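Peer 1: have a look; sequence and predicted model below, questions after that.
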Amino acid sequence: MTTSHRHRTTRRLAATAVSVLAAVSLAACGSGGSSGGGTSGTSAAGGTQDGKPVPGGRLKIAFWSDFQSCIDPNQVYWIESRSIDRNLADSLTDQDPKTGKIVPWLATSWTVSPDATSYTFKLRQDVTFSDGTKLDANAVKTAYDGLHDLGAKSTLGLTYLSGYKGTTVVDPSTVKIDFATPNAAFLQASSTTTTAILSPATYKETPEARCAGKVVGSGEFTLDSYSAGKSAKLTKRAGYAWPSSLIANKGAAYLDGIDVSYIAEDNVRVGSLTNGTIDIAWPRQPITSADQQVIKASGATIETRALPGIIGLLIPNVTAGRPLADLQVRKALYKALDLSSYAKTVYWDDYPVAKSSVTSTTPYAADESAKLAHDPAGAGKLLDAAGWALGSDGYRHKDGKKLTLSYLTNAAGPGDQLVQDQLKKVGIDYQIKVVTAAQLTPTGNSGDWDLSGGYLTRADPSVLGSSLDQAVSKQYTAKYSQDPATAAKISALFAKGLSTADPTQRAAAYKDLQDALIDNGVAYPLYDRLQTAGVSGKVHGFAWTSESFLRANDIWLSK
Amino acid sequence: MPDKILSPNTDLVAPPEQRAAVAHAAAPASAAPPAVTPAGVALPSHAPVPAGVGTPVDDAVLADGAVLADDATPPPGDTGAGGQVRRRRHDLLAAAGPLLRRPGFILAGLFVVFVIVSGLAPSLFTSYNPSTTSPTDKLKGPSVHHLFGTDELGRDLFSRVLHGSTLTIKATGGAVLIAIIAGLTIGVVAGFFGGWVDSLLMRLVDILLAIPALLMALVIVTALGFGLLPIAIAVGTTITPTFARTTRAEVLRVKEQPYVEAARTGGASWGRVLVRHILPNSWGPVSVLAVLDFGTAVLVISSLSFLGFGTPPPAAEWGTLISNGRNFLVTSPWLSLLPGLFVGLVVFSLNHIARTFEEVQR
């Protein structure tokens, strides 16, 4: 008996010791990573700087996660997969990251009808897919029809091709794409990975098989293997000769290939970069200022570009009976949020502050910052007027009910707790309702929440429609964020923005839309979105696409 | 598994062949003969393993103890052990003297008392509000103003650890309470009634023991939802089986004691024997196990909240704090390490206390 007891105790003590040891060695790993990074950094800094590109080598890049587990450019919305796809498949047009201008790629020229319902593209003659098939008007028709047939399977395609009527083959090198309703955003859409043209053979595969990697494009790399959530391997395509005019390297890629891995822990990803295991660390959330210092100290650089598209938003549930059904309360919420402090605290000191419902690099982005100013006293007055009186517990009450807003999320970050504290200062009880990823959509659809989050990347303001336009989107954010009267107003503004190809008129329409979203309390801009990447000193020619994805044509590695 | 593992005459006590096997195996370098009851029913394979040979598991103790209680001539090698078992008393008050002469125990005890008091009244030890953010003070290292430094939103980490104690103590207390009540009930019923009730309950306990603790806790929390109560239930369920096993072994030992037989002969009802004689005399080892399992429960609860199954923010259990600091391990290591060290110390202290109790009892 006693022997056994002593043994059990020993076992338990051993378990404790192991866990303590684990914690200590974990810490050792962390510091080891940074010191190791320092040495490798100096050697990298001492290497070749600029100069003539050297072909060869494989680029090792690590993303944070592969949640969607899909590689088909037509179906993915996941930013990281779109970065891979950009280098596998080409689109009809390309978009200049600096100006937002659409430039030729697979199409050499195009015409757009004034009412934005008909687009005619002239195709390049020398393009082949990696399976040997020639790119011609029929292939483009197969691709666009295939994308349209995906329906709701392609979250982005649904809005990009909104109003799609069909594609006509005019002659082997000319296609005409028609829309039943105006779609002025389509020219931009034709430059995205979502409308990338895949080989006709690809569209004979099931959507699931395409997701799992049965995709053939005409890009400067081909997909060797894709293991969802684990890795992707790309090999360069010999004889590639049709990049867009934005790319300096007119021939095949310098890199032999790209190895993609997924590292969930920020720490491990940064450590892998600084010790040379990977060449590019590409997280979703901006690299923290502390980690940036670690990366810079190792000789690597930080590349930064603001992502275009929907900004980090809070979207209200205005269903009758819920606190945010009252416009006064929704207005008070704008004044209660301190966006500048959010940017400084969660990110860093000169991090851009949210100014509108779309990010600053999105074409036609307006500046709504006057309406988004932090004014806790003003928020208090509005809430008082709405009947929510401050109680002795520091929270506001009305008819015996506490002013509680429940925020639906599957991953609460520090920003959410900052918002919680900001709202507490005006007497709003902000509850963070954490659910599993699997429960997120069902709970969202049930409407049992007051605020939910959302953002999406696309270099056109019409992207807001995929989250907020009840006429187009089936998402819960669209369904619950507007009462019928507001929804009619908002949908009309979305339609107006899409109805003309004229930039001045589009700018006016989207300014009205961005105003209306704030005036009616439909969307709460919270944080601007920057894509950051830690890039090793031996990587040269790093480039962003206009949607802030990776462009690997010009990348080469110094030995 | 056959219905009747043990022959009806000997009730729960091992049959003669098994006793022989125990005696035999105790002699070095001799293989145990095939363990077969007179009825030809195979014994559970673990039953013949005596304490001190191979890995001592609770069942071995049970077989050993049961044999000794019943057998007039204890097998060689175990001489005296039976007497020790019989003489053992769990009077913790009488043991207080030797306890106080152990500085390690006093230190561990003081630390645990500090954690409990600070968890129940955190404001006694810190003036900071655990959820008030202060963007200008973010990621400050440990100092006189902030003992444990500040986190990425400028909140005082020491205050967050102490307020986290409240939640962790509640969850741990709940879990151990659930385990004690459920474990005692199962163990007493199984040990006392024996027969098919025992077989059924112990096989259920076996099934529970076969599932890794953390995995089962995860399944239960996912089914019940996130939060303090689900975590307490989940962890309580995972540590119940050891309580049930230990209690059963003790009950088996105690119920063969002469005073129990005397009470029965004297006309006491089963219920009275159970409550007045068996329960008070069997729950000593269970109480030691309870202290030990506080440590285990703290670890499992911290693991669960580390994985994000804890109470929703801004409340933060110890595991949540460690998890939140992960991203700053290189640049601001105190965010993870200090709460981690705190948890480590708590578990270490609890284990030390339990071990000291055990040594003093011996």
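Peer 2: Right, received. Where do you want to start?
Peer 1: count of residues packed around B:G141?
Peer 2: B:G141 sits with 12 neighbouring residues when counted by other Cβ atoms under 10 Å in any protein chain shown. The C-beta positions use only the backbone N, C-alpha and C, and glycine is treated the same way.
Peer 1: look up the closest residue to it, ignoring the ones flanking it.
Peer 2: Taking Cβ to Cβ, 6 or more residues apart in numbering or on different chains as the measure, B:G141 lies nearest to B:G149, with 4.9 Å between them; neighbours along the chain are not counted.
Peer 1: and the one you found, how close does it get to chain A?
Peer 2: 13 Å (Cβ to the nearest Cβ, to the nearest Å).
Peer 1: show me the contacts for that residue.
Peer 2: Listed by Cβ atoms under 8 Å, 6 or more residues apart in numbering or on different chains, the contact partners of B:G149 are B:139-143, B:157, B:332, B:334-335, B:338.
Peer 1: and B:T222, what is it in contact with?
Peer 2: Going by Cβ under 8 Å, 6+ apart, B:T222 touches A:436, B:309.
Peer 1: what does A:T500 give?
Peer 2: Each residue near A:T500 by Cβ under 8 Å, 6+ apart is listed here: A:114-116, A:182, A:184, A:506, A:509.
Peer 1: okay, and which of those map to helices?
Peer 2: Assigned to helices by DSSP state H, the following of the contacts of A:T500 qualify: A:506, A:509.
Peer 1: the contacts of A:T500: which two are farthest apart?
Peer 2: Farthest pair in those (Cβ to Cβ) is A:P114 and A:A509. Separation: 15.4 Å.
Peer 1: what's the neighbour count on the closest residue to chain B within the stretch 101-250 of chain A?
Peer 2: Ranked by Cβ to the nearest Cβ, the top residue of the stretch 101-250 of chain A for proximity to chain B is A:G229, at 18.1 Å. One way to gauge burial is a neighbour count; for A:G229, by other Cβ under 10 Å, it gives 11.
Peer 1: pretty sure it sits against A:S69.
Peer 2: Yes - because the distance of 5.5 Å satisfies Cβ atoms under 8 Å, A:G229 is recorded as touching A:S69.
Peer 1: what segments of chain B are helices?
Peer 2: In chain B, the helices defined using DSSP H lie at B:16-26, B:58-70, B:81-87, B:96-100, B:103-120, B:157-193, B:195-210, B:213-224, B:228-254, B:258-265, B:270-273, B:279-306, B:318-325, B:334-361.
Peer 1: buried sites along the fifth one?
Peer 2: So that's helix B:103-120. Of the residues in helix B:103-120, those buried by neighbour count under the rule 16 or more other Cβ atoms under 10 Å in any protein chain shown are B:105, B:108-109, B:111-112, B:115, B:118-119.
Peer 1: closest to chain A out of these?
Peer 2: Relative to chain A, the closest of the buried residues of helix B:103-120 is B:A108; by Cβ to the nearest Cβ it sits at 12.2 Å.
Peer 1: and the closest one, how close does it get to B:S165?
Peer 2: Noted for B:A108: a distance of 16 Å to B:S165, by Cβ to Cβ, to the nearest Å.
Peer 1: how about A:I278?
Peer 2: Counting by Cβ to Cβ, the separation of A:I278 from B:S165 is 39 Å.
Peer 1: now swap in B:M202 and tell me
Peer 2: For B:M202, the distance to B:S165 (Cβ to Cβ) stands at 36 Å.
Peer 1: do B:T133 as well
Peer 2: From B:T133 over to B:S165 the distance is 21 Å, taken as Cβ to Cβ.
Peer 1: what do you get for A:T477?
Peer 2: Plainly put, A:T477 is 39 Å away from B:S165 if you go by Cβ to Cβ.
Peer 1: give me every residue that touches the nearest residue to A:S369 once chain neighbours are set aside.
Peer 2: Take A:S369 and drop its neighbours on the chain: the residue closest to it by Cβ to Cβ, 6+ apart is A:K355, 4.7 Å away. By Cβ under 8 Å, 6+ apart, the residues touching A:K355 are A:365-369, A:372, A:525, A:528.
Peer 1: let's see that with 7 Å instead.
Peer 2: Counting by Cβ atoms under 7 Å, 6 or more residues apart in numbering or on different chains, A:K355 makes contact with A:367-369, A:525.
Peer 1: for A:Q292, state which of the residues you listed is nearest.
Peer 2: A:Q292 lies nearest to A:P525 out of the contacts of A:K355, by Cβ to Cβ, at 24.3 Å.
Peer 1: name every strand pairing with whichever strand or helix holds the closest one and say which way it goes.
Peer 2: Secondary-structure assignment from DSSP states H and E places A:P525 in strand A:524-527. Strand A:524-527 has the following strand partners under DSSP bridges: strand A:309-316 (antiparallel).
Peer 1: who are the packing partners of the helix or strand immediately after the strand it pairs with in the chain?
Peer 2: Using DSSP H and E, the helix or strand that follows strand A:309-316 towards the C-terminus is helix A:327-336. Using 3 or more Cβ pairs under 7 Å, 6 or more residues apart in numbering or on different chains; DSSP states H and E as the contact criterion, the secondary-structure elements in contact with helix A:327-336 are helix A:376-385.
Peer 1: from the chain's centre, how far out does the helix or strand following the helix it packs on sit?
Peer 2: Using DSSP H and E, the helix or strand that directly follows helix A:376-385 along the chain is strand A:389-390. Here strand A:389-390 shows a centroid-to-chain-centroid distance of 39 Å under the convention Cα atoms, centre = their mean, to the nearest Å.
Peer 1: let me see the residues that make contact with strand A:389-390.
Peer 2: The set of residues external to strand A:389-390 that reach it, using Cβ under 7 Å, 6+ apart, is A:396-398, A:427.
Peer 1: likewise for stretch B:150-166?
Peer 2: By Cβ under 7 Å, 6+ apart, the surrounding residues in contact with stretch B:150-166 are A:345, A:414, A:417-418, B:115, B:118-120, B:122, B:125-126, B:128, B:130-140, B:146-149, B:316-318, B:321, B:324, B:328, B:335, B:338-339, B:342.
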